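J.: Let me see the structure of the following:
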Amino acid sequence: MAKPPRIAVVGSANTDLTTFSDNFPRPGETIFGKSFDLGFGGKGANQAIAARLCGADVTMVAKVGSDLFGEATVKNFTSFGIDTAHVRIVDGVFSGVAPIFVDSNGQNRIIVVKGANETLKPADVEAAAEALRDVDAIVLQFEIPLETVYYAVAFARRHSIRCIVNPAPALPANLAELVAADYFIPNETEAEAIAGLPVHSTDEAKKCAAALLQKGFRNIILTLGARGSLLVSAGGAELIAPFTVTPKDTTGAGDAFIGSFSVFLAEGVPEKEALSRANLYAALSTTRVGTQKSFPKRTEFEAEWTRRGGKS
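T.: Residues are numbered from 1 along each chain as shown. Presented below is the predicted three-dimensional model:
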């Protein structure tokens with residue numbers, strides 16, 4: 001059998017505190033929620049779990065706090081078989097948390113409190129250099145200091161490692177420090193914030209992605225939710241069709257997309273098929289409640305991919 005791909009995620013680990021209600025409260029309003037869920041999250045951790053469930057050997061580079069959430073986060077990684085040699089517990093710092101609010105349509109609003117994630121520095125990437133040099137891809141997000149993201153992008157470039165940057169949440173960033181990444185993958189909201197252009201239609205998405213391409217990126221992928229994903233490169237733009245599902249909770253779908261896409265590419269799946277597969281993997285994650293626990297196992301995904309004939 002072929003060796004499984006090796007994916008490294010340099011990123012955040014949070015505890016998700018999810019409240020479900022029929023509607024979001026208005027300013028100054030108090031409402032009753034329907035239910036509550038406590039789970040593991042953080043964009044980096046989510047992407048690592050998705051990659052692991054898709055069959056990759058995964059190394060996580062992260063920081064957590066010296067509290068119950070931090071210890072539980074490390075144990076959670078271990079339970080999935082993720083390498084935690086470079087997940088450090090920081091004394092006197094609280095772990096990252098993410099209060100999440102989900103309405104009856106499955107839409108979510110999230111507030112992230114970074115905590116220990118803010119202490120993940122370039123030195124931590126360098127400390128993990130020996131493990132990182134041999135991976136097939138390095139995956140990054142914006143829930144850690146941007147200086148660390150920049151350093152990891154440059155590290156990947158120096159060592160000819162595929163690099164995927166997910167600019168989530170959107171922050172004012174020096175794009176020149178990111179253009180060495182192989183893939184820059186924002187969602188609609190993030191693309192609008194970074195490029196300063198609207199993304200309310202497919203045509204607008206193409207114009208926005210083209211503007212980002214002009215900044216020097218090689219491949220832009222805009223994740224468009226129920227509209228699929230848009231690949232824009234020097235070769236042109238192509239919309240990769242979505243898969244229809246009945247969503248219960250969209251939280252973590254973008255992370256499911258990123259994590260699975262990194263694995264499919266590392267396995268040698270052609271780029272457009274890898275995107276189509278990631279579309280389905282992300283869509284399936286929305287049919288369950290939660291983030292990491294909503295991600296399907298590879299066997300479940302392959303069964304659904306086969307059932308649908310690889311077509312939306």
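J.: C-alpha only now, for contacts and for neighbours.
T.: OK.
J.: partners of the residue lying closest to V93 once chain neighbours are set aside in the sheet?
T.: Leaving out its chain neighbours, the residue that sits closest to V93 by Cα to Cα, 6 or more residues apart in numbering is G65, at 5.0 Å. Counting by DSSP bridges, G65 forms beta bridges with V90.
J.: Count the residues that sit near G65.
T.: 24 (other Cα atoms under 10 Å).
J.: isn't it right next to S95, touching?
T.: Yes: taking Cα atoms under 8 Å as the definition, G65 is a contact partner of S95 at 4.0 Å.
J.: got any residues that touch both of those two?
T.: 115-116 (Cα atoms under 8 Å, 6 or more residues apart in numbering).
J.: can you give me the helices in this protein?
T.: 43-53, 68-80, 122-127, 129-132, 146-158, 188-195, 202-213, 253-266, 271-285, 298-307 (DSSP state H).
J.: Comparing these, which comes out most buried?
T.: Of all the helices of the chain, helix 43-53 carries the top mean neighbour count, a mean of 30, counting by mean count of other Cα atoms under 10 Å.
J.: tell me the angle that helix makes with helix 68-80.
T.: Counting by axes from the mean of the first three to the mean of the last three Cα atoms, to 10 degrees, helix 43-53 lies at 20 degrees to helix 68-80.
J.: quick one: the residue positioned nearest the centre of the chain and P186, what's the gap?
T.: Closest residue to the average C-alpha location of the chain: D255 at 3.0 Å, with Cα atoms, centre = their mean. Taking Cα to Cα, to the nearest Å as the measure, D255 falls 11 Å from P186.
J.: Now for the nearest residue to F77 once chain neighbours are set aside: which residues touch it?
T.: The spatial neighbour of F77 that comes closest, neighbours along the chain excluded (Cα to Cα, 6+ apart), is T84 at 6.9 Å. Listed by Cα under 8 Å, 6+ apart, the contact set of T84 reads 59-61, 74, 77-78.
J.: Quick check: G44 vs L140, distance?
T.: 7 Å.
J.: Find the residues that touch each one of these two.
T.: Joint contacts of G44 and L140 (Cα under 8 Å, 6+ apart) are 9-11.
J.: Out of those residues, grab the one that's most surrounded.
T.: Busiest of those [other Cα under 10 Å] is V10, holding 30 neighbours.
J.: Which strand residues bridge that one?
T.: V61, L140.
J.: Was I right to think it contacts A48?
T.: No: in terms of Cα under 8 Å, V10 does not count as a neighbour of A48; the distance is 9.1 Å.
J.: what do the two both touch?
T.: Common neighbours of V10 and A48 (Cα under 8 Å, 6+ apart) are M60.
J.: could you list every residue that touches N187?
T.: Counting by Cα under 8 Å, 6+ apart, N187 touches 222-225, 254.
J.: Quick check: the gap between it and N76.
T.: 27 Å.
J.: Equivalent analysis for C163, please.
T.: For C163 relative to N76 (Cα to Cα), the value is 25 Å.
J.: show me the contacts for the closest residue in space to L212 that isn't next to it in sequence.
T.: Closest residue in space to L212, ignoring its immediate chain neighbours: A195 at 6.4 Å, by Cα to Cα, 6+ apart. Shown in contact with A195 (Cα under 8 Å, 6+ apart): 208, 211-212.
J.: Low-confidence ranges, the stretch 201-312 of the chain, go.
T.: 312 (pLDDT under 70).
J.: which one among the contacts of N187 gets closest to P169?
T.: G254 (11.3 Å; Cα to Cα).
J.: Please report how far that closest one lies from R218.
T.: Per Cα to Cα, G254 is found 20 Å from R218.
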